[in-house]
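Give the three-dimensional model of this entry:
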Amino acid sequence: WYRDKREVGDEEYDKFYENLANTKIPFKFMLHYSTDVPLSIKALLFIPSTNTEKFGMQQEASDLHLYCRKVLIKQKCSELLPHYLRFVKGVVDCEDLPLNISRENYQDSHLMAKLRNALTRRVVKLLEDEIQKDEEKYNKWYDEFSNFLKEGLTTDKENGELLLKLTRYKSTKSTKLISLDDYIDSMKSGQKNIYFIVAPNQQQSLDSPFLETFKESNLPVLILPNHIDEICLKNVNEYRGFKFLNIESNFEEVSGDLDSKIAVDKDHGIPESEITPFSLWVKSELSPTISKVTISKRLKTAPAVIVGQVSSSMRAMLAMVDQSQFEQATRDQSIEINPNHPVIVKLNKLRKVDIQTATLLLKEVFDHVMLQSGIPFDIQKSSTRSYKILEMLLDYKTSGFDDGQPQIIVEDVEKKSAKKDKK
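From the prediction side, this is the model:
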């Protein structure tokens, strides 16, 4: 590491890394540099190509060795880099670091902090440089090591924006991994936020009812594959002045960038005069889980969605780590109903002639909306209700078999509703 890098061949680097890391697997990236600012540092750092933690093995121990003027001060010096960069291996020689005679303790913690900060930024810059050289090669590495960078986003506020430059996501407009800068380049003129959705794959994100108006407005949406990704973005909050926003947020928060807002269909939707009574009935039947009912301006194909204090992915996260916070997060939720959806329209008709059956069906619809939102519900009650509905449907379907005229519940409801309206 004291030699000029122009004098060192690839074979020497490979052999040095093999002995240092005790592996035959070649490194992915390498940094051999020397600087006098802000400290006199000579370093030879390697970034591996395989992530051993990915296979459920224990956390990697630091494999960085600290020297001062070629004299070993400490092996496996974890203080040289933040914990999330523990995968970096190599040698660091700092001539400015004062040490006591025993060489066991650091006499100047301020200098150590300065050294740590300088090395952290240099490692991040190395990864940025590798992106410029070969982005596809970097993306393959990122696939293996993304969990380390995400850990950094939750713990290292100071370098949060620098780490965001290294992250990669898919989007509703691209099946390939893209950077946040790529996303910003694809934003429409005047867009104020960076929108995202948490989904394991692109198809599932495209099927989300929350995405419908974003498709029509031609707004790109990032696809975050894991619950932790939302925590990472929320922890940093914004990038290049653009705020991160989950598309599951309240409609008022996301509507500013949307071109299209869905209105009530006067011909096929719930009549305007019946919207308030229907909403009050829904709130009454679903209380206390639901505290507010609103008419959706973004749903087209789904009958309803739940909009809570936190997103569905955060609810799933809370359910795993803190039951009390999860219960608090699932209180006082709102339900957005689609007044144009056939299920909602026919429920409104049914409640006027058979409120008992309408209530049964409303709760069945609500169970499905809860399931879609990742909110647990009483499975036993739901199963009993489903069997009851099936029994009723079969009764209606088979009641006219004797005279060859089977009846259908929907036709009966529409006829009864029409008669009641005439009266």
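
Show me what the helix or strand harbouring residue 390 is packed against.
Using DSSP states H and E, residue 390 sits in helix 379-398. Based on contacts counted as 3 or more Cβ pairs under 8 Å, 6 or more residues apart in numbering; DSSP states H and E, the elements that helix 379-398 packs against are helix 355-372, helix 409-422. (Glycine included, C-beta is placed from N, CA and C.)

Out of those, which gets the lowest mean score?
When these are compared by mean pLDDT, helix 409-422 comes last with a mean of 54.

what ranges of the protein fall below the confidence cut-off?
Filtered on pLDDT under 70, the chain yields the residue ranges 56-57, 99-108, 312, 314-331, 400-423.

Just confirm residue 195 is within a strand.
Yes - assessed by DSSP: H, G, I helix; E, B strand; the rest coil, residue 195 belongs to a strand.

mind listing what it touches?
214, 219-222, 245-247, 254, 257 (Cβ atoms under 8 Å, 6 or more residues apart in numbering).

how about the nearest residue to it, chain neighbours excluded?
Distances taken as Cβ to Cβ, 6 or more residues apart in numbering put residue 221 closest to residue 195, at 4.7 Å, once the chain neighbours are dropped.

neighbours around the one you found, how many?
25 (other Cβ atoms under 10 Å).

again with residue 129
Residue 129, neighbours per other Cβ under 10 Å, totals 12.

who touches residue 197 in this structure?
172, 205, 208, 210-211, 221-224, 246-248.

7 Å instead?
Contacts of residue 197 were listed using Cβ atoms under 7 Å, 6 or more residues apart in numbering, and they are 205, 208, 210-211, 221, 223-224, 246-247.

Helices - which of these land there?
Within the contacts of residue 197, residues falling in helices by DSSP state H are residue 205.

could you point out which element follows the helix or strand where residue 235 lies?
Element membership for residue 235, per DSSP H and E: helix 227-236. Using DSSP H and E, the next helix or strand after helix 227-236 towards the C-terminus is strand 238-239.

Can you tell me what sits against that next one?
With Cβ under 7 Å, 6+ apart as the criterion, strand 238-239 contacts 161, 164, 180, 194, 244.

Is there a quick ChimeraX command that grabs whichever of those residues are buried?
Buried residues within the contacts of strand 238-239, by 16 or more other Cβ atoms under 10 Å, are selected in ChimeraX with:
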select :164,180,194,244
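
Now flag whichever of the contacts of strand 238-239 is closest to residue 359.
residue 244 (39.5 Å; Cβ to Cβ).

chain center to the helix holding residue 390: distance?
Offset of helix 379-398 from its chain centre (Cα atoms, centre = their mean, to the nearest Å): 36 Å.

Is it correct that residue 53 falls within a strand?
No - Residue 53 is assigned helix when assessed by three-state DSSP, not a strand.

separation between it and residue 224?
20 Å (Cβ to Cβ, to the nearest Å).

Look at those two and report which has more neighbours.
residue 224 (24 against 15).

number of nearby residues for the residue lying closest to the more buried one once chain neighbours are set aside?
Take residue 224 and drop its neighbours on the chain: the residue closest to it by Cβ to Cβ, 6+ apart is residue 198, 4.7 Å away. Residues within reach of residue 198, counting by other Cβ under 10 Å, total 27.

Hmm, residue 198 is touching residue 310, no?
No - counting by Cβ atoms under 7 Å, residue 198 sits too far from residue 310 to count as a contact (11.4 Å).

Now residue 160. Nearest residue, chain neighbours left out?
residue 236 is the one closest to residue 160 (Cβ to Cβ, 6+ apart), at 4.4 Å.

Counting neighbours, what do you get for that neighbour?
Using other Cβ under 10 Å: residue 236 sits among 17 other residues.

and it, what does it touch?
Counting by Cβ under 7 Å, 6+ apart, residue 236 has contacts 153, 160-161, 164.

can you pull the contacts of residue 86?
With Cβ under 7 Å, 6+ apart, residue 86 has these contacts: 60, 62.

Compute the distance between it and residue 61, please.
From residue 86 over to residue 61 (counting by Cβ to Cβ), the distance is 7 Å.

what's the overlap in contacts for the two?
Joint contacts of residue 86 and residue 61 (Cβ under 7 Å, 6+ apart) do not exist.

And the strands in this protein?
27-35, 41-48, 63-68, 71-74, 89-94, 169-171, 174-178, 193-198, 222-224, 238-239, 242-246, 290-295, 304-307, 333-337 (DSSP state E).

for the longest helix anywhere in the chain, which positions count as buried?
Looking across the chain with DSSP H, the single longest helix is helix 109-133. In terms of neighbour count (16+ other Cβ under 10 Å), helix 109-133 has its buried residues at 111-112, 114-120, 122-124, 126-127, 130-131.

Could you do stretch 54-74 as well?
Buried, per 16+ other Cβ under 10 Å, within stretch 54-74: 62-68, 73-74.

Kindly report the same for stretch 140-158.
Neighbour-count burial for stretch 140-158 [16+ other Cβ under 10 Å]: 141-142, 144-146, 148-153, 156.

quick one on the thing from earlier: any chance of the strands of the chain in a markdown table with distance to residue 361 as columns?
Formatted as a markdown table, the strands of the chain follow (distance: least, Cβ to Cβ, whole Å):
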| stretch | distance to residue 361 |
| --- | --- |
| strand 27-35 | 57 |
| strand 41-48 | 57 |
| strand 63-68 | 62 |
| strand 71-74 | 69 |
| strand 89-94 | 62 |
| strand 169-171 | 37 |
| strand 174-178 | 39 |
| strand 193-198 | 29 |
| strand 222-224 | 33 |
| strand 238-239 | 43 |
| strand 242-246 | 30 |
| strand 290-295 | 16 |
| strand 304-307 | 13 |
| strand 333-337 | 14 |
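
Indicate which one of those strands is closest to residue 136.
Taking the strands of the chain one by one with Cβ to Cβ, strand 174-178 is closest: 9.2 Å.
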